[in-house]
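>>> Got a predicted model here, sequence first, then my questions.
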Amino acid sequence: MSAQTILLLFIIFFFLDLGWETILTLLNLHHVRQNAGTVPSAFAGTVDPATYARSVSYTLVHGRFGLLAGLVSSAIRLAVVLTGFLGTLDTLVRTLPIHPYLQGVVFIAAVSLLFWIVGLPFSLYSTFSIEARFGFNKTTPWTWIADLAKGLGVSAVIGIPVLLALFWFMDRTGAFWWIWAFGALTAFELVMSILAPLVIAPLFNKFTPLPDGELRQAIDALATRLSFRTRGIFVVDGSRRSRHSNAYFTGLGRAKRIVLYDTLVSSHGVEEILSVLAHEIGHEKHHHITKGLAISIAASAVGFWILSLALPWAPLYKAFGFAQPGYHSILVLLAFFSGPLTFFLEPLVSLRSRRQEYEADRFAVQGMGSAAGMKAALLRLGRDNLSNLSPHPLYSFIHYSHPTLVERLAALERFERALPQT
Ligand SMILES: [Zn+2]
C-alpha cells in the first residue's frame, strides 16, 4: 500500500466517523426539539413542566455546543494531518540535544499540548458559562487552576516513565517487544487501579468515611444481607465542583470501596441511596468489573499487536509527513487512527454495558424486595441532573451506556412483578 492510499483511507474513515457522529447528534437534537412541548407520558406526574423545559434547553445547549467543539477539534486534527505538521515537528524535535527517548517524550507532550490548547476555550466555556447558567457549576477559577496543575503533575509523573519504558521495550526487546510491553503495562495498570483511588483521587477530592448514623447502619445492614464485603463507604465532596450527583465503585478485590457523592447523600432519601448501592453491589456480584477489566486487557493486547505490525511500515510514516519511522511517531499515529477505526464498535460496547445495567437493576430490586427506591432514585437523579428525557432512539442505542430512563423504569417494574410473592 502506498503512502497516498494510506492517507486517502485515513481521510475516508475520518469523515465517516465525523459524519456519522454529526448526523446522530443532529437527529437527537431535532427529536428533543420536536418533543419539547409536553412532558413525555412516562413522566407525567413525576416531572413537572418547568423542570422538563429546563432539561430540554440544557440538552439543546449542551448538544449544540458539543457539536461545535467536536467540529473544531476535527478540523484541527485534519489540518495537522494534511499540512504535514507532525513531520515538521518530528524533524524539529530530533535536533534537540537530548536522548532520543526524551525527544520522543517532548514530541508527544507537544502534540498533547496543542490539542489541549485547542480544547481549552471550550472547556472553560462549558464549565463557567453553560454549567453555571443551569446552576450546576460550583468550580471556582482557583479550583480550576489547581485541578489543572495537579492533573498536569499526575500526567507527567505517570506518563513520562510509562513512555520511556515503552520506548525501551520497542528498542531493546526484539521482535516480540509488544508482548513484553503489553505484559509490563498491564501489570502497571492493575497496580494503578488499586493505587489510584488511594493515592490519586484524594489529590482532587476529599473522601470522608460515611459517619455513623441512620444511613451508615442501614448500609451496613444491606451489605450484610447481600453478603457484600467492602473496604469502606466514603463520601466525596463532589459539590466542590458541580451539583451533578452520582455514586460509584472503585478499586479491585479487597481494596474496593463505595463512593457516594455528597450531593447524592444530601438530596436522596435512605431507601433511594440503599437502592443505588444495591445496584452497585449488583455490578460486583455479576463480576461486571472483572469482566470489563478482562476485555480491556484483551483489547490492549490487540492494540499492541497492531502497533508491532505498524511500527516498521515505512509508507505509514510517509503518509503523515514523517521523514523517518519513530517510536513516538507510531504512538501518536495510533491515537489519530483509534477513533476513525473503531467508532463502529461503539454500539456493541453500549449494548453490553446496558445489559449489565439491567442485570444490576434486577439485583437491586431483588435485594431491596421492591423497585420503589430505585425508581425514586432514578427519577430524582434524572430531574436533578436535567437528563435528556426524550433522546432519539438511534442516538441512545448507539451512545448510551445506560438504558434511557423510560426503559429503565419499565424494566424495574418488570423485575418487581417477577419477585416471589410472600
Ligand atoms: Zn450501573
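Arrived safely, thanks for sending.
>>> Every contact and neighbour count from this point should use C-alpha atoms.
OK.
>>> ranges for the strands of the chain?
Along the chain, the stretches classed as strands by DSSP state E are 207-209, 233-236, 247-250, 257-261.
>>> of all the ones you listed, which lies closest to residue 31?
Residue 31 lies closest to strand 247-250 among the strands of the chain, at 29.4 Å (C-alpha to C-alpha).
>>> Paired strands for the closest one, with orientation please.
According to DSSP bridges, strand 247-250 has the following sheet partners: strand 257-261 (antiparallel).
>>> give me the number of residues near the residue nearest to residue 69 when sequence neighbours are not counted?
Among residues not flanking residue 69 along the chain, residue 122 sits closest, at 6.4 Å (C-alpha to C-alpha, 6 or more residues apart in numbering). Applying other C-alpha atoms under 10 Å, we find 18 other residues in the vicinity of residue 122.
>>> got it, and residue 402?
Residue 402, neighbours per other C-alpha under 10 Å, totals 19.
>>> Same check on the one 10 residues further on?
Using other C-alpha under 10 Å as the criterion, residue 412 is surrounded by 21 other residues.
>>> who's in contact with the nearest residue to it once chain neighbours are set aside?
In space, residue 412 comes closest to residue 371 once its chain neighbours are excluded; the distance is 5.9 Å by C-alpha to C-alpha, 6+ apart. Contacts for residue 371 (C-alpha atoms under 8 Å, 6 or more residues apart in numbering) come out as 364, 365, 412, 413, 415, 416.
>>> The same query, at a cut-off of 7 Å, please.
365, 412, 413, 416 (C-alpha atoms under 7 Å, 6 or more residues apart in numbering).
>>> would you list those in TSV and tack on distance to residue 247 and pLDDT?
As requested, the contacts of residue 371 are arranged in TSV below (distance: C-alpha to C-alpha, whole Å; pLDDT from 0 to 100):
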residue	distance to residue 247	pLDDT
365	17	97
412	19	97
413	22	96
416	23	97
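>>> Show me those that map onto helices.
Secondary structure assignment by DSSP state H places 365, 412, 413, 416 of the contacts of residue 371 in helices.
>>> quick one: which of those is most hemmed in?
Counting by other C-alpha under 10 Å, top hit in these: residue 365 with 26 neighbours.
>>> need the contact list for residue 292.
With C-alpha under 7 Å, 6+ apart, residue 292 has no contacts at all.
>>> buried stuff in stretch 388-403?
388-392, 395-403 (16 or more other C-alpha atoms under 10 Å).
>>> can you list those in a markdown table and add distance to residue 421 and pLDDT?
A markdown table is the format used below for the buried residues of stretch 388-403 (distance: C-alpha to C-alpha, whole Å; pLDDT from 0 to 100):
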| residue | distance to residue 421 | pLDDT |
| --- | --- | --- |
| 388 | 35 | 96 |
| 389 | 32 | 96 |
| 390 | 34 | 95 |
| 391 | 35 | 97 |
| 392 | 37 | 97 |
| 395 | 38 | 97 |
| 396 | 34 | 97 |
| 397 | 34 | 97 |
| 398 | 37 | 97 |
| 399 | 37 | 96 |
| 400 | 33 | 96 |
| 401 | 32 | 95 |
| 402 | 29 | 96 |
| 403 | 27 | 97 |
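>>> Closest to residue 1 out of those residues?
For the buried residues of stretch 388-403, the nearest to residue 1 is residue 398 (32.5 Å; C-alpha to C-alpha).
>>> hang on, isn't the closest one packed against residue 347?
Yes: assessed by C-alpha atoms under 7 Å, residue 398 is found in contact with residue 347 at 4.6 Å.
>>> This completes my enquiry, with thanks.
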